[in-house]
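Peer 1: Following is a predicted model, sequence given first.
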Amino acid sequence: MSKSRIALFVALLIATLLVVVACASPTPTPEAKPSEPTEAPPQPTPTPESEAPPEPIEIEYWQYNFGARVDAMNKLIEMFEAENPDIKIIHNSDIPYDNYRDKIAASVPAGVGPDVATLFYGWQPAWIDAGYIVPLPEDQFPPDMVVKEFSPMVQASFFDGTLYTLPTAVRTLALFYNKDLMEAAGLDPEKPPATLKELEEQAVQCTKRNGDEFEVYGFIVNPAGQAHHWFREVLLRQYGQQPYSDDYRQVLWNASEGGYEAWNQFLKFETELETGRRDFESDPDGFLAGKVCFHIDGSFRLGTIAKKAPDLNFGVTELPEHNGVKSTFGSYWTHGITTKAAADPARLEAAIKFLKFITSPEAGRIWVDMVGELPAQLEAADDPDLLEDPKLGAFVAGLSYARSTFFVDESKDRQAIIDAYDAVVLNGADPAQELDIAVQTVQELLDKFWAEH
């Protein structure tokens, strides 16, 4: 083949290859549409590294200064706050007993002071009239629950069918006796007086005097202490005289000869038997100091003795009977919610929670151990060990026949007895006339109260 033909053949081959390559190139595709913009996913809200917890709500609880009660309530508050960290209880227990009601009167009407306060049950009508406390909400404290679960004497917490307060504990009166003083006087310390006559005889035998000074007080009648209850609910009944009419509208202390006999018996220990003196600074302190042989007091005194006189050799027995009649006074300190708490829904809710806690059976068991008062809750009080207890047994036995007095104003009622007693003992006034004056004073209190209700 000639060179010219070879060159032509090569040229044609190259051209053909170029055409084939060009035909094999892919057909260009249309450009893809840009995708529609999409909404960015929500970003989590940044949180602070540490968020401060809400401040707990503070409420105040007030009671007068009484060592064993203060300690017991401090323990209950500690337990309550552990279960309710959102509530803080301010415990004001520095107020002396004699100033307590005045402090309440100065604070609550001004919208300050306690949200929950303790009060003697006998003050309740006066506190209601003064507007210090409010009715307990029925949905939180159903009346039928109180009837079923609490001691019968707690019915005194109802006024005109409405529940105003609820207690942690109740108490009765009994006779304390110093075993060492009895033995020193030649008496059997295992046989304390069981009758009023035996109390007279043993108190006289225990009494030791050096001239006008007492070295040992056999028995002190102090109407400013528990003795006014002893006259009203014990001696009067033992001499056959009911203290008040059934509807508590009439004072009956002097309604029979038996009433005057009970009054004379009340005076007799100082005016005739000379076993003690009304002007003695404090008969409870004298008993703790080992200077008083026989002493009427409540179960709450057991806590004080355990704390202040743990080595005191003493016993407790039921109050001496007379004419075959056993009687004792039943009473209690109770707790109410004030108008201050009721004015603020959050404070009211906290106050209700706290009141429920301190009136629970668990609180009652702690109270009897630390204070000596008996649980107000039947569940906690129904304990055979309490009746068998050598100290508490006498108080528990008295629950079955204890009576609680209805007071318009317990302090004024008591003062009427104090004034009558002092007029006789200090000024030589006629006993019957002074009893009549005391009756008239208390009757006026009742008349005024019922006229307004």
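Peer 2: Looks like it came in fine. Residues are numbered from 1 along each chain as shown.

Peer 1: Please measure how far the first residue of stretch 307-324 sits from its last one.
Peer 2: Taking CA to CA, to the nearest Å, stretch 307-324 runs 36 Å from one end to the other.

Peer 1: I'd like the numbering to begin with 21 instead of 1 from here.
Peer 2: With the count now opening at 21, the last piece we talked about shows up as stretch 327-344.

Peer 1: quick one: buried residues of stretch 218-238?
Peer 2: Counting neighbours by 16 or more other CB atoms under 10 Å, one finds that the buried residues in stretch 218-238 are 219-220, 222-223, 226-228, 234, 236-238. The way it works is simple: take the backbone N, C-alpha and C, and place the C-beta from them, glycine included.

Peer 1: no no, stretch 447-461
Peer 2: Across stretch 447-461, burial judged by 16+ other CB under 10 Å covers 451, 454-459, 461.

Peer 1: Would you check which pair of these lies furthest apart?
Peer 2: Looking at these by CB to CB, the two members farthest from one another are Pro451 and Thr461, with 15.8 Å of separation.

Peer 1: one step back: name the nearest of the buried residues of stretch 447-461 relative to Arg191.
Peer 2: Nearest to Arg191, judged by CB to CB, of those is Ala458 at 25.0 Å.

Peer 1: export the one helix or strand the closest one maps to as PDB, just CAs?
Peer 2: Using DSSP states H and E, Ala458 falls within helix 451-471. Extracted in PDB, the C-alpha atoms of helix 451-471 (Å, rounded to 0.1, in the frame of the first residue of the first chain):
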ATOM      1  CA  PRO A 451     -65.800  31.500 155.800                       C
ATOM      2  CA  ALA A 452     -69.400  31.200 154.800                       C
ATOM      3  CA  GLN A 453     -69.700  34.800 153.800                       C
ATOM      4  CA  GLU A 454     -66.600  34.600 151.700                       C
ATOM      5  CA  LEU A 455     -67.900  31.500 149.900                       C
ATOM      6  CA  ASP A 456     -71.100  33.400 149.200                       C
ATOM      7  CA  ILE A 457     -69.100  36.300 147.700                       C
ATOM      8  CA  ALA A 458     -67.100  33.900 145.500                       C
ATOM      9  CA  VAL A 459     -70.300  32.300 144.300                       C
ATOM     10  CA  GLN A 460     -71.800  35.700 143.500                       C
ATOM     11  CA  THR A 461     -68.700  36.700 141.500                       C
ATOM     12  CA  VAL A 462     -68.600  33.600 139.400                       C
ATOM     13  CA  GLN A 463     -72.400  33.700 138.900                       C
ATOM     14  CA  GLU A 464     -72.000  37.200 137.400                       C
ATOM     15  CA  LEU A 465     -69.500  35.900 135.000                       C
ATOM     16  CA  LEU A 466     -71.900  33.200 133.900                       C
ATOM     17  CA  ASP A 467     -74.900  35.500 133.700                       C
ATOM     18  CA  LYS A 468     -73.000  38.000 131.500                       C
ATOM     19  CA  PHE A 469     -71.600  35.200 129.200                       C
ATOM     20  CA  TRP A 470     -75.000  33.500 128.600                       C
ATOM     21  CA  ALA A 471     -76.700  36.900 128.000                       C
END
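
Peer 1: and it, what does it pack onto?
Peer 2: Using 3 or more CB pairs under 8 Å, 6 or more residues apart in numbering; DSSP states H and E, the elements in contact with helix 451-471 are helix 277-291, helix 430-447.

Peer 1: ok and it relative to helix 277-291, angle-wise?
Peer 2: Going by axes from the mean of the first three to the mean of the last three CA atoms, to 10 degrees, helix 451-471 is angled at 120 degrees with respect to helix 277-291.

Peer 1: Please identify which of the buried residues of stretch 218-238 is nearest to Pro187.
Peer 2: Of all those, the one sitting nearest Pro187 is Leu219; the distance, using CB to CB, is 30.0 Å.

Peer 1: Surely the closest one touches Trp250?
Peer 2: No - Leu219 is beyond contact range of Trp250, at 11.1 Å (criterion: CB atoms under 8 Å).

Peer 1: What's the local residue count around the residue nearest to Arg297 when sequence neighbours are not counted?
Peer 2: Once its chain neighbours are removed from consideration, Arg297 has its nearest residue in Glu290; the separation is 6.4 Å (CB to CB, 6 or more residues apart in numbering). Residues within reach of Glu290, counting by other CB atoms under 10 Å, total 20.

Peer 1: wait, Glu290 sits on Val444?
Peer 2: No - here Glu290 does not reach Val444: they are 9.0 Å apart, not a contact under CB under 8 Å.

Peer 1: Output the below-cut-off pLDDT ranges for the stretch 121-270 of the chain.
Peer 2: Of all residues in the stretch 121-270 of the chain, none has pLDDT under 70.

Peer 1: what about the helices in it?
Peer 2: In order along the chain, the stretch 121-270 of the chain carries the following helices (DSSP state H, counting those that start in this stretch): 144-150, 163-169, 199-204, 216-226, 247-249, 256-258.

Peer 1: Now do the first one: which elements does it pack against?
Peer 2: The one in question is helix 144-150. Counting contacts by 3+ CB pairs under 8 Å, 6+ apart, helix 144-150 is packed against strand 178-179, strand 353-357.

Peer 1: If we use 7 Å, what do you get?
Peer 2: With contacts defined as 3 or more CB pairs under 7 Å, 6 or more residues apart in numbering; DSSP states H and E, the packing partners of helix 144-150 are strand 178-179.

Peer 1: Given the strand it packs on, what are its sheet partners and their directions?
Peer 2: Looking at strand 178-179 with DSSP bridges, its partner strands are strand 182-183 (antiparallel).

Peer 1: what residues does the strand it pairs with touch?
Peer 2: Among residues not part of strand 182-183, those counted as contacts by CB atoms under 7 Å, 6 or more residues apart in numbering are 155-156, 161, 163, 166, 177.
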